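Asks: Any chance you can model this:
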Amino acid sequence: MQVLNRFHKLFNQLFGDTDIATVQGLDVSGVSTIGELFPYRNYDEESSIYVNDRSTGILVEMLPIVGADENVVKTVTGLVADGLPKGCCVQIISWGSRYYGPILERWAAPRLARGGIHGEIARGRIKYLSGAAWRPLTQLTNIVLRHHRVLIAVGLPGAMTDARVDELLSIRQNLIGTLRGINVPAVNVEPSQLLGIIKEWIEPHEDDHRLEKPVDLIQATDPDTAAILEKDWADLRQRPVPDYLYQDDVEYDAEEPLQDQVGGPAARIQTLSDRLSLAGGRYEARTYTITGRPKFWTQWMMERLIGHPINTFQSIRCPYRMTLAFRVLDQNSEKQHATMKAMKTMHDLEKGGAAYRPMLADEAKDYRFFSQKLEEGQKSLVVAQTVDLFARAEDFAQAERALKNLFGSQGWKIERERYLQLPMFLVGMPFSAAEGLMIDLADMKRTKKMVSWTVANIAPFQGEFLGGRTPQLLLTGRRGQLMCFSPFDNNAGNYNCSVVGKSGAGKSVALQELNEGVVACGGRARILDDGRSFESSIKLMGGEVIEFSSKSAPQINPFAMIDPGYFERDNEYAVDSLTFVGLVIRQMARSSGEVDDIEKGIIEEVVRAVWDKEGPAGTPEAVMRMLSEHRHAYAKDLAQMMASFGKTGTFGRYFNSGANIDLSNPLIGFELSEIKSRKELQSIVLMLCMFMVSDEMYRAPRDIIKSLTIDEAWDLLQGKASGAFIEGYVRRCRKYNGSLLTGTQGVDDYFKTPGAKACFENSDYFLLMAQKPESITALKNSGRIEMNERTEMLLKSVKTVAGEFAEIAIKGPEIFHVGRLILDPVAMATYSSKGPEFEEIQKAIRAGEPREKAIRRVADRIERQRRAA
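Replies: Next up is the predicted model:
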């Protein structure tokens, strides 16, 4: 028993001749002692290969797989079956790391740099979410925050030789290339990163001392983003996020044996019969062995073992590590053995052996399956599978119950190891398998033979959606993954979002958070509102609200919005601009109807003529005058129908001067509630605001993100011309890095008006919040959103818990994921548009108190109420 002999030798040095199974209190302290538990010797820089006591190996980190299909299973099976020689040992190590600090900081960095309310929101979110590394924030959220990671260690027994190096390099190339084929990036793990990973497992801490950032796979696969994020790190030397949420990037000394660099002076492991005591007893690690599996299981079902997709009370309530380790056997010998066993069990079954061996039929079936898979090219593997939990000592009873409940609900049997905690814990340490541990485990009946197809289906590759690059919206997955979401990360289409949520689901709050993210990331956000839902947060964040009412008449002459210089230089700009103006004039002429082809042609002709004659000094009045003088009889009718928008008309004061709206503020809201009763005016104002914003998008640098938000879009986008107007708008949006964000209470609302329908049909992303179950069923039957049984089930499970979180199902190109928007007290106070919090803040501001101070005071009270609850 190769590895256990090393343990036995170590124990004897410490205690004398002590039987390994009876050790109840081994105290392993100090770097050199702990180092003897690990096989790491050196790292060959040239080949990026690890040289260990009895093996050599490679170590890569891959992005977790999210979901799977038959193609993924086939690919993963190929990874396991192809190119791995006899004796090769592989460990697939998945863990929910408590080091989510880099993601939290990536989201917070631009807000802290911007300051003001954005900085207050960042500090509030950091403070609130930093407490969820070891236990859930509240009993209702029921999940700890984590960062899902997956390592693959491949080891070959024996010393480092040229042939072995070539073999390992070939295996790594095949591994990374195969994963890339299913859009899963993988990178080599350097020694400093390995030391940091091991330190996470053996040295838990909550001390706030300075640490270094870990490798970021999203960075590693995107050089442009890496450069931006590196600048953020350089600008923020003083971390606002607690250091215990970062992995140690331990400095590696190539002159010293790698195993001597494992752990620090504070590293302390005490082995007890059923657990490992860490950090002087404040934390524990416990290892569990898989003792039973369901008869049917697939790779895409593995996501259920890191947390139930629907019932979040079936979750892992602390940091964890899952490991599947296997050793490749002699395939010729295994084929012969399997064939013989299959034939023998079938013979016994035919002779009536089932009468005294009740399980004979199942045995015969299993051996027949095993033999068939080997004939098809699968490999016979010996497999060990473990789960490790890491928790505070006082939380472990609850954490263990949660783990057993989760696995049991899926038909898996799991038992805590006794007397072999340390050896079984080391199953999850890279390269331990190739050091002889797999042979030892087989001797101790801790392994099971499987074919590579089975291993591919139970390997712990699954994680959660890790999010994107742009830190616009911060969400938490149902299994605890902290992630950033932004439609601007879409490389395949547009950046538009349709947000749907019933009353009380949090739709307006989600839209406000999206807009805050645009401004925080250096962009420009424009909001069309008709109920003052956004007014308070816009003003609190230093934005400006422009109101259209009987008392306030901002000038929005469409001709004055066109830039003559761009018009002359850019033919596309010229065509788009006159098309937009033409659509506005059509809407003025027929607010509730639709112009025919002749009328459309007349309007286009006249709009062009007015521009050619008067340029940006043109007005709707000039259009009316030219229409009344036109040769066609229809033109005079059009002029008459536009009378309300002429210089002396009811609404003429808005449209017949210049364009005096200042768009220099990055956050601007257009409040339309005071003209809500005049739908013909409201629709024109909305179209012209959109025209103004689209023109701003054209002029602004393209690297700046821009958004326009329309809440209750179906009600605002009235009129037959609105559909064509929206289609033209979204075409320009995508080209100039712009996003259209719209919101309604139900998907059906999008089909009440042509403009709203165009918004829905031109959105690549749908953000679906809590809905009535019957609404989801109706949506499925309508075919407006493609939905299978699983999608329907997930959408019906989306919920909002007032004061805790609002769930959002994000459906977009190559993504369907449910995330939770968890607001900190500062954001809750900022986004409140009614109730006592809103009144208290407004009263304090009217009394002269700085808005940041007023919000902070209300947020502190919300935080105290949360703690009391």
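Asks: quick one: D662 is in a strand?
Replies: No - with DSSP: H, G, I helix; E, B strand; the rest coil as the criterion, D662 is assigned coil and is not in a strand.
Asks: any idea how far it is from P554?
Replies: Counting by Cβ to Cβ, to the nearest Å, the gap from D662 to P554 is 10 Å. Where C-beta positions appear, they are placed from N, C-alpha and C, glycine not excepted.
Asks: Show me which of those two is the more surrounded one.
Replies: Taking other Cβ atoms under 10 Å, D662 and P554 do not tie; P554 has more neighbours (17 against 9).
Asks: which SS state does that one fall under?
Replies: coil.
Asks: Q385 too?
Replies: Assignment for Q385 (three-state DSSP): strand.
Asks: Quick check on P701: phi, psi?
Replies: phi -60, psi 140 (degrees, to the nearest 10).
Asks: what number of residues lie near it?
Replies: Neighbour count of P701, defined by other Cβ under 10 Å: 8.
Asks: can you check P136 too?
Replies: P136: 18 surrounding residues under other Cβ under 10 Å.
Asks: do the same with C521
Replies: Look at C521: counted by other Cβ under 10 Å, it has 21 neighbours.
Asks: The residue nearest to it when sequence neighbours are not counted and I121: what is the separation?
Replies: Nearest residue to C521 in three dimensions, chain neighbours excluded: P110, at 5.3 Å (Cβ to Cβ, 6 or more residues apart in numbering). Distance, P110 to I121, using Cβ to Cβ: 11 Å.
Asks: Just list what the helix or strand G728 falls within packs against, helices and strands only.
Replies: Per DSSP states H and E: G728 is located in helix 722-735. Contact here means 3 or more Cβ pairs under 8 Å, 6 or more residues apart in numbering; DSSP states H and E; on that basis helix 722-735 packs against helix 571-589, helix 679-699, strand 738-744, helix 754-761.
Asks: mind putting the ones you listed in CSV, mean neighbour count, mean pLDDT and distance to A633 included?
Replies: Converted to CSV, the helices and strands packed on helix 722-735 look like this (neighbours: other Cβ atoms under 10 Å; pLDDT from 0 to 100; distance: least, Cβ to Cβ, whole Å):
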stretch, mean neighbour count, mean pLDDT, distance to A633
helix 571-589, 21, 93, 15
helix 679-699, 22, 89, 24
strand 738-744, 27, 94, 39
helix 754-761, 23, 87, 28
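Asks: Any idea which of those gets closest to R861?
Replies: strand 738-744 (29.0 Å; Cβ to Cβ).
Asks: Can you give the domain ranges for this protein?
Replies: Split into domains by automatic domain parsing, the chain comes to 18-329+379-458, 486-550+665-796, 555-660, 834-869.
Asks: Report the buried residues of the shortest one.
Replies: Taking 16 or more other Cβ atoms under 10 Å as the neighbour-count basis, domain 834-869 is seen to contain the buried residues 837-838, 840-841, 844-845, 851-852, 854-856, 858-859, 862-863.
Asks: which one of the helices and strands packed on helix 722-735 lies closest to P257?
Replies: When the helices and strands packed on helix 722-735 are compared for distance to P257 using Cβ to Cβ, the nearest one is strand 738-744, at 53.5 Å.
Asks: hang on, the earlier thing: output the helices and strands packed on helix 722-735 in JSON lines, with distance to I49 appended to each entry.
Replies: Conversion of the helices and strands packed on helix 722-735 to JSON lines gives the following (distance: least, Cβ to Cβ, whole Å):
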{"stretch": "helix 571-589", "distance to I49": "55"}
{"stretch": "helix 679-699", "distance to I49": "51"}
{"stretch": "strand 738-744", "distance to I49": "46"}
{"stretch": "helix 754-761", "distance to I49": "53"}
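Asks: Quick one, which of those gets closest to L717.
Replies: Nearest to L717, of all these, is helix 754-761, at 2.7 Å by Cβ to Cβ.
Asks: so how far is that closest one from its chain's centroid?
Replies: Offset of helix 754-761 from its chain centre (Cα atoms, centre = their mean, to the nearest Å): 27 Å.
Asks: related to what we said a few turns ago, dump the domains of the chain to CSV, plus distance to K365.
Replies: What follows is the domains of the chain, written out as CSV (distance: least, Cβ to Cβ, whole Å):
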stretch, distance to K365
domain 18-329+379-458, 10
domain 486-550+665-796, 29
domain 555-660, 68
domain 834-869, 55
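Asks: and among those domains, the most buried is which?
Replies: Using mean count of other Cβ atoms under 10 Å, the stretch among these with the largest mean neighbour count is domain 486-550+665-796, at a mean of 21.
Asks: quick one: terminal-to-terminal distance for that one?
Replies: 23 Å (Cα to Cα, to the nearest Å).
Asks: And for stretch 693-712?
Replies: 19 Å.
Asks: just use 523 as the starting number from now, easier for me
Replies: That works, and once the first residue is 523, the last one we named lands at stretch 1215-1234.
Asks: next one: it to chain centre, how far?
Replies: Its chain's C-alpha centre and that of stretch 1215-1234 lie 25 Å apart, by Cα atoms, centre = their mean.
Asks: How about the secondary structure of R1153?
Replies: On the three-state scheme (three-state DSSP), R1153 is labelled coil.
Asks: And it, how close does it get to D1118?
Replies: 17 Å.
Asks: what's the residue nearest to C1043 sitting at in phi/psi?
Replies: According to degrees, to the nearest 10, P632 has phi -70, psi -30.
Asks: Now do the contacts for it.
Replies: Applying Cβ atoms under 8 Å, 6 or more residues apart in numbering, one finds that P632 lies in contact with H640, D754, P993, A1042, C1043, G1044.
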